[in-house]
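Undergrad: next come a sequence and a model predicted from it.
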Number of protein chains: 2
Amino acid sequence: MSNRANNFRPTVHGARLIEDLATFASFGGRQDGGVDRVAGSQADLEAREWLQQKIYEAGLLPRTDEIGNVFGRSPRAEWPRLLTGSHTDTVPAGGRLDGAYGVMAALEVLRTLDEANHPSAKYVEIVGFWDEEGVRDPGTGGLVGSTFFCEKGYVQNYQSYIELHIEQGPALESADVSIGVVAGIVGIERYAIDVTGTANHAGTTAMNNRADAGLAATTMASRVRDTTTACSDRLRINVGSIEFFPGSPNVIPGQARMIVEIRDPFDSVLREAEQKIRLLADETAASEGCHASVQKFSQKSAVLFDKGIHRAIREIIHNHGGEFLDMVSYAGHDASVISKHIPTGMLFVPSVGGVSHSPAESTSDKHLIHGCQVLLDAVVALSSDRS
Amino acid sequence: MSNRANNFRPTVHGARLIEDLATFASFGGRQDGGVDRVAGSQADLEAREWLQQKIYEAGLLPRTDEIGNVFGRSPRAEWPRLLTGSHTDTVPAGGRLDGAYGVMAALEVLRTLDEANHPSAKYVEIVGFWDEEGVRDPGTGGLVGSTFFCEKGYVQNYQSYIELHIEQGPALESADVSIGVVAGIVGIERYAIDVTGTANHAGTTAMNNRADAGLAATTMASRVRDTTTACSDRLRINVGSIEFFPGSPNVIPGQARMIVEIRDPFDSVLREAEQKIRLLADETAASEGCHASVQKFSQKSAVLFDKGIHRAIREIIHNHGGEFLDMVSYAGHDASVISKHIPTGMLFVPSVGGVSHSPAESTSDKHLIHGCQVLLDAVVALSSDRS
């Protein structure tokens, strides 16, 4: 491959990308601008048929695997290939960009490279993963198509994976930066904390003679944020639910239950936070004469993406004079599954107001087109390394 | 009336009292020793028939008023009369003593005085009030029979009221004292506190960019005890329920609701505590960027019993060499209703473990008999003042 071929920079067709996104949003499209396209629904099946047709019309080769992942590649494709894409399903009453944007942008990138007869076109394959959201069967925990792709060993045929996605948070918008280079995905752990005291009459029981599980639980809940965020300023924590039993105005709560969720890019930080949570639960329960039990009932390990890919993407953006934000994703993606097998990277574009999984989900056309161009630049840089 | 007649001290028949209590407990009696005798139930109707029969057999005159209150007096009764008694109904799965003890003891007192031809017998009337618990129609708030008795003006015919009851708390048992002289009944107020913040993604929303209604609410709940009990060491407070909305592990709570109940013998203290609650709600909500709304949805004013009666009862116990505890009741009683119309006093006997409204409710025979004797002594002292 000549240097000349690698050095010219094809430009994505912005209007075509925006039009494809609009068309794709019509599959399961809602009156309020949102999308209902749960995996396996009629809207989802039609959308994936349309995607294969679109790949075919571009002179590329479409393919669907056994589970429903849709692929597209050049007729002249060679191994090894870089894979890029995202998922095509939505949550109920979801947005038009989550997942779909990464797939439409991948199509636009491969189409542009192929049309320009760019050498990278041979080394790029695109994918629309099946059932990332896990709405069809919540027991799967989502990421169904990408997990199948990895478990079947198909992932081993690829040299790397890169996924473009909307941020789903406000960081890029707040910083007024149009691209985020994602270093990894946070680990997410959930804990059920049960506090046991003694239910008793709220009038006749003296204040100093109580084992108030409610008081112990609320004291813990009010302190757990500061206690755990002291581990790292990247750590995020949420106490999403709390309940007292029996829950009557005139009965001292004999039991209380709360759910605590923590997220951090580093498993070591999660381990430290877990220790602090357990210690705090014991201490606040004991201080009210109660007992606490802490159960970790859900755990997704933190993912750190490939450092080489991360560096290469930063360099290509920098070389083109672009701005970017180094960031981590606090939400899960297909990239987290694939990164356990091959070098993987992710790119984010801004989400207006940080809103996602909602009809109000939005990103400006300018940012959508710019993100697609950065994906193309990254794909060229990463595939040319090996070509 | 001669001094001689007033100075001899009839003694209650302890075994007869205990037997009557056992028989009365058979109306609605449960396998576990508890009692189901909700006002208006078949067990309640039979129990009140039995009570009238028992009054009649003692050579006294039974009577039921329009609502179901059962009265008993000497055939030689004169006005003014001192009224003594309590209620005959129970909560579902209640105990055998709550209410019933005050009625059976009143019967034993009048019967003893009448048999002894004691001059006080003419000035004493006994009562078993209808529907104190309010289970039949919770909308009444209970105290149905005594409220009817007062609203109809019947109460005005009586010079005073004295009620003997089990404590329903552990104070007497803890102090190892067999009689409590009750100075009043606490006021009880209930507040619904709603905190409004902003529901958001628990992962993608930065910690410093949240309006976490759950955190604001638990911080408030954890501080409200110390904040309000600083007003008075008699104040009792309970946060009996708390709930987050939407209540999902991965959503920052946008709303939270808790119920706070406070009790104190002095309305002035309740006013001060209310101010502190409102201020604390505002402050803790504001510190998390949230808004708090505090609604008082229930209020029962504090009751202070008649000081003259309180003093007279203390003197008579003291003169007989007995020990007593000065106390307030943290639970409501028929006496609270009646005290708004005529001079009223209350006596407590110990409750084993402070348990009440439960099949496990218990008081030793010794304490039950002693309490009945103190009631007799008090009735004699109070009726002789006026005879």
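TA: Right, received. Where do you want to start? Numbers count the residues shown, from 1 in each chain, chains lettered A, B, ... in the order given.

Undergrad: what sits closest to A:Gly134 if chain neighbours are left out?
TA: Spatial nearest neighbour of A:Gly134, chain neighbours left out: A:Gly142 (2.8 Å); criterion: C-beta to C-beta, 6 or more residues apart in numbering or on different chains. In this view, the C-beta of every residue, glycine as well, is placed from N, C-alpha and C.

Undergrad: that neighbour sits in which helix or strand?
TA: Counting by DSSP states H and E, no helix or strand carries A:Gly142.

Undergrad: again, but for the one 5 residues further on
TA: Counting by DSSP H and E, the secondary-structure element that holds A:Thr147 is helix A:144-151.

Undergrad: how many neighbours does the residue nearest to A:Gly134 have?
TA: Counted with other C-beta atoms under 10 Å in any protein chain shown, residues neighbouring A:Gly142 total 23.

Undergrad: show me the contacts for it.
TA: The neighbours of A:Gly142, taking C-beta atoms under 8 Å, 6 or more residues apart in numbering or on different chains as the test, are A:Asp131, A:Glu132, A:Glu133, A:Gly134, A:Val135, A:Gly332.

Undergrad: likewise for A:Phe244?
TA: A:Phe244 makes contact with A:Ala213, A:Gly214, A:Ala217, A:Pro253, A:Gln255, A:Ala256, B:Val239, B:Gly240, B:Ser241, B:Ile242 under the criterion C-beta under 8 Å, 6+ apart.

Undergrad: could you measure from the closest residue to the first one other than its chain neighbours over to chain B?
TA: Distances taken as C-beta to C-beta, 6+ apart place A:Gly197 nearest to A:Ala213, at 3.5 Å, with adjacent residues excluded. Counting by C-beta to the nearest C-beta, to the nearest Å, the gap between A:Gly197 and chain B amounts to 12 Å.

Undergrad: run a quick neighbour tally on A:Gly197.
TA: Using other C-beta under 10 Å, A:Gly197 has 23 other residues around it.

Undergrad: residue numbers of the stretch 251-387 of chain A in contact with chain B?
TA: Taking C-beta under 8 Å from any C-beta of the partner chain as the contact definition, the stretch 251-387 of chain A meets chain B at A:Val251, A:Ile252, A:Pro253, A:Ile259, A:Glu261, A:Arg263, A:Ser298, A:Tyr330, A:Ala331, A:Gly354, A:Ser356, A:His357.

Undergrad: most neighbours out of these, which is it?
TA: Highest neighbour count within these: A:Pro253, with 33 neighbours (other C-beta under 10 Å).

Undergrad: and the pLDDT at that residue?
TA: Per-residue pLDDT puts A:Pro253 at 95.

Undergrad: hmm, it is touching A:Ala211, no?
TA: No: using C-beta atoms under 8 Å, A:Pro253 is not in contact with A:Ala211; the gap is 9.7 Å.

Undergrad: OK, contacts around the residue in the stretch 1-150 of chain A that chain B sits nearest to?
TA: Residue of the stretch 1-150 of chain A nearest chain B, by C-beta to the nearest C-beta: A:Asp98 (12.0 Å). Residues near A:Asp98 by C-beta under 8 Å, 6+ apart: A:Thr90, A:Val91, A:His165, A:Ile166, A:Gln168, A:Ser356, A:His357, A:Glu361.

Undergrad: how is the nearest residue to A:Leu376 once chain neighbours are set aside assigned, secondary-structure-wise?
TA: Once flanking residues are discounted, A:Leu376 sits nearest to A:Val109: 4.5 Å by C-beta to C-beta, 6+ apart. Taking DSSP: H, G, I helix; E, B strand; the rest coil as the rule, one finds A:Val109 in the helix state.

Undergrad: ok, now which ones touch the residue in the stretch 51-200 of chain A that chain B sits nearest to?
TA: The nearest approach of the stretch 51-200 of chain A to chain B comes at A:Gly169, 3.1 Å away (C-beta to the nearest C-beta). A:Gly169 makes contacts with A:Tyr330, A:Ala331, A:Ser351, A:Gly354, A:Ser356, B:His201, B:Gly203, B:Thr204, B:Thr205, B:Ala206, as judged by C-beta under 8 Å, 6+ apart.
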